[in-house]
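one predicted model, sequence on top.
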Amino acid sequence: MENKRDILKNRVVPLDLYRITPRTNCGECGHPTCLAFATQAVVGESTLDACPHMDPGALQPLRERLERQLGHGIGKKRESFEKTLEFLRAQVAPWVTPSNASALGADFSLLEGAVAAMRLPYLDDAVLVTAEDVVSLRERALSPWEKIFLYNYVIGGAVEPSGRWVGMESLPNSVSKIKSLKAHCEEPLAKAFPDDQDALRRAASGLFREVRGGEGEADWIGECTLLPKVHLRLLWWAGEAEEGFPARVKFLFDARVLETLDLESLLFACEQISERLLESQRR
């Protein structure tokens, strides 16, 4: 019987899957690029069947290997993320260029030793992206997930926002993520900020700018710049305890957001933002 050590030695990595994708970045899988799809599938966050263009004969051996490694808990642990990061680091160098930095809303520079680097605004921070690593300029420890997220943004590219705001339910193939967004982000925020708009303003001040009017007459609307070409809005309706109405929170996204980020990355971003707001509220 194949043991875990053997599986680890022969694990499926994103490059294995990427090689058999069409590499056209058609978006039919729900991810903006074939690379993003391969990365997410290998860590068990996207189904292999989401891509309709892979050759079944070439896919089947990888499917069997991937099922075994995920079944042994290999995939969502740190060592698997590190394997994915290793793959992305090997791919990112051609994308750390002045022209791509400009397209992404970042700044390009050459560090000591002629190392190409991209300075990229990220929430209330900025990160330095190179082929070696992604580091916070505020010296904050970035998780492997964050680094994967940021590398995918640099490699996958970004489109100009449309300026039209929609809920996740309006995004294609989002059914499985809507419940997670509510359970992990919107409902905890509504519970943490039931009726005190000033408390929400204080918690959101470092991440959001207040927006006046529109979007269903919400009591408070804030807009967050996640990345230069990715903006999110947070809508909050105060609860009315006497009337039996709880507070309500809703995230909105630009209608073109899935041309830049995949759904899993979008959910991850909302979770990061929600954690920041909840942490600020607890202080």
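Everything's here; your move. Numbering: from 1, shown residues only.

in the stretch 151-283 of the chain, where is pLDDT below threshold?
For the stretch 151-283 of the chain, residues meeting the criterion pLDDT under 70 lie at 213-216.

so which residues of it form strands?
In the stretch 151-283 of the chain, the segments counted as strands under DSSP state E, counting those that start in this stretch are 165-166, 208-211, 220-227, 230-237, 248-254.

the second one pairs with which strands?
With DSSP bridges as the criterion, the sheet partners recorded for strand 208-211 are strand 220-227 (antiparallel).

now render the strands of the stretch 151-283 of the chain as JSON lines, adding mean neighbour count.
The way it works is simple: take the backbone N, C-alpha and C, and place the C-beta from them, glycine included. Listed next are those as JSON lines, based on neighbours: other Cβ atoms under 10 Å:
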{"stretch": "strand 165-166", "mean neighbour count": "18"}
{"stretch": "strand 208-211", "mean neighbour count": "15"}
{"stretch": "strand 220-227", "mean neighbour count": "20"}
{"stretch": "strand 230-237", "mean neighbour count": "21"}
{"stretch": "strand 248-254", "mean neighbour count": "22"}
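
for P22, which of those is the nearest?
strand 230-237 (25.3 Å; Cβ to Cβ).

what separates the closest one from the chain centre, distance-wise?
With Cα atoms, centre = their mean, to the nearest Å as the basis, strand 230-237 stands 16 Å off its chain's centre.

farthest residue from the center of the protein?
Most distant from the centre of the chain: E242, at 38.5 Å, with distances by Cα atoms, centre = their mean.

contacts only, for that residue.
Contacts for E242 (Cβ atoms under 8 Å, 6 or more residues apart in numbering) come out as none.

same check, this time on M54
With contact set as Cβ under 8 Å, 6+ apart, M54 has these partners: I20, T21, P22, L48.

try 10 Å this time
L17, R19, I20, T21, P22, C29, C34, F37, L48, Q60, L62, R63 (Cβ atoms under 10 Å, 6 or more residues apart in numbering).

who touches the third one in this structure?
Spelled out, it's I20. Neighbouring residues of I20 by Cβ under 10 Å, 6+ apart: C34, A38, C51, H53, M54, D55, G57, A58, L59, L62.

did I read that right, it in a strand?
No - checked against DSSP: H, G, I helix; E, B strand; the rest coil, I20 lies outside a strand; its state is coil.

state the distance from it to G167.
I20 sits 34 Å away from G167, going by Cβ to Cβ, to the nearest Å.

got it, and the second one?
In this view, R19 and G167 are 36 Å apart by Cβ to Cβ.

before we move on, back to that, which one of the contacts of M54 is nearest R256?
C29 (17.1 Å).

residue contacts, the residue nearest to the closest one when sequence neighbours are not counted?
Nearest non-adjacent residue to C29, counting by Cβ to Cβ, 6 or more residues apart in numbering: A50, 4.0 Å away. For A50, the contact set (Cβ under 10 Å, 6+ apart) comprises E28, C29, G30, H31, F37, Q40, A41, N173, D262.

next up, phi/psi of A50, please.
phi -70, psi -30 (degrees, to the nearest 10).

report pLDDT for it.
For A50, the model assigns a pLDDT of 89.

any idea how far stretch 97-111 is from the chain center?
Relative to its chain's centre, stretch 97-111 lies at 21 Å (Cα atoms, centre = their mean).

buried ones in it?
Across stretch 97-111, burial judged by 16 or more other Cβ atoms under 10 Å covers N100, A101, A103, L104, A106, F108.

in terms of helices and strands, where is the last one?
Element membership for F108, per DSSP states H and E: strand 107-111.

could you say what helices and strands that strand packs with?
helix 98-104, strand 115-122, strand 125-129 (3 or more Cβ pairs under 10 Å, 6 or more residues apart in numbering; DSSP states H and E).

can you redo the ones you listed as CSV with mean pLDDT?
Shown next, in CSV, are those (pLDDT from 0 to 100):
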stretch, mean pLDDT
helix 98-104, 96
strand 115-122, 96
strand 125-129, 96
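
for the ones you listed, which one sits closest to R89?
Nearest to R89, of all the helices and strands packed on strand 107-111, is strand 125-129, at 10.2 Å by Cβ to Cβ.

quick check, pLDDT for E146.
Reported pLDDT for E146: 87.

sorry, that was for R5
The model's pLDDT for R5 equals 56.

and R19 and G167? Which one has more around it.
G167 (16 against 13; other Cβ atoms under 10 Å).
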